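Visitor: attaching a predicted model along with its sequence, questions to come.
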Amino acid sequence: MKFVLPLFALGMVAAVIAWPQLAKRHAMLPLSFSDVETANAALVMNNPRYRGTDSKNQPYIVTADRAVQDPEDDQQVTLDNVKADLTANDGSWWSLTSNTGLYHGGLRLLHLFGDISVFGDNGYEMHGITAEVDLNTSQLSSDDKVWGKSELGLIRANGLRVYEKGRVIVFINGVNTTIHPRKGRG
């Protein structure tokens, strides 16, 4: 017993230490990347890809050329050359690009900065310099200048709100529109 009990206790300690390492290997994460490095205690990922779904189970994918995790907040990641694709359950989609983004994983918020472009399968095209995308609700908002076009015409405003994945768009704070006449009208 003097030898069996200590060996058994040692084996249990080894199992407790090894178990989390073995369990980590089998965990599936929706984040993928091609390369990882560290810079100034921050985790740096090249070509990250984050997949998820919103509150209505509609899929989205956020990719970037590079992601740098904030060393003080592991939920916050700075993204370079952001691309996001959002697809609705009815098959419609929106594609978004931006120079820079700040993604908060816990809140599922994507703040975009720089040359922002948004394209929809309905022919809408919007541009701006800042925007926030709530990936929980698939809503986009901006309180800065935006401009865009569709088959109906051109629009400029000092902000916008996009709801229901683009089915409802509200322009705010000084709106200027140019409506193209429809062909075939008398």
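Guide: Structure received.
Visitor: okay, CA-based contacts and neighbour counts for the rest of this
Guide: Noted.
Visitor: contacting residues for the residue nearest to H104 when sequence neighbours are not counted?
Guide: Spatial nearest neighbour of H104, chain neighbours left out: Q76 (4.4 Å); criterion: Cα to Cα, 6 or more residues apart in numbering. Contact partners of Q76, counting by Cα atoms under 8 Å, 6 or more residues apart in numbering, are 69-70, 102-105.
Visitor: from those, which is closest to I155?
Guide: The closest of the contacts of Q76 to I155 turns out to be L102 (Cα to Cα; 27.1 Å).
Visitor: does that closest one lie in a helix or a strand, and which?
Guide: Using DSSP states H and E, L102 sits within strand 93-104.
Visitor: how about TSV for the contacts of Q76, with pLDDT and distance to D80 added?
Guide: What follows is the contacts of Q76, written out as TSV (pLDDT from 0 to 100; distance: Cα to Cα, whole Å):
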residue	pLDDT	distance to D80
Q69	89	12
D70	89	14
L102	92	9
Y103	86	11
H104	89	14
G105	83	16
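Visitor: tell me which helix or strand the residue nearest to G106 when sequence neighbours are not counted sits in.
Guide: The spatially closest residue to G106, leaving aside those adjacent along the chain, is Q75, at 5.9 Å (Cα to Cα, 6+ apart). Using DSSP H and E, Q75 sits in strand 73-87.
Visitor: bridged to the most centrally placed residue in the chain, which residues?
Guide: Against the mean C-alpha coordinate of the chain, by Cα atoms, centre = their mean, the closest residue is V62 at 4.4 Å. Beta-bridge pairing for V62 (DSSP bridges): Y50, A84.
Visitor: could you shift the numbering so residue one becomes 827, and keep it that way?
Guide: In the new numbering, first residue 827, that becomes V888.
Visitor: that one touches V908, doesn't it?
Guide: Yes - counting by Cα atoms under 8 Å, V888 does reach V908; the two are 7.1 Å apart.
Visitor: point out where the chain drops to low pLDDT.
Guide: Low-confidence segments of the chain (pLDDT under 70): 827-867, 991-992, 1009-1012.
Visitor: ranges for the helices of the chain?
Guide: Assigned by DSSP state H, the helices in the chain fall at 830-852.
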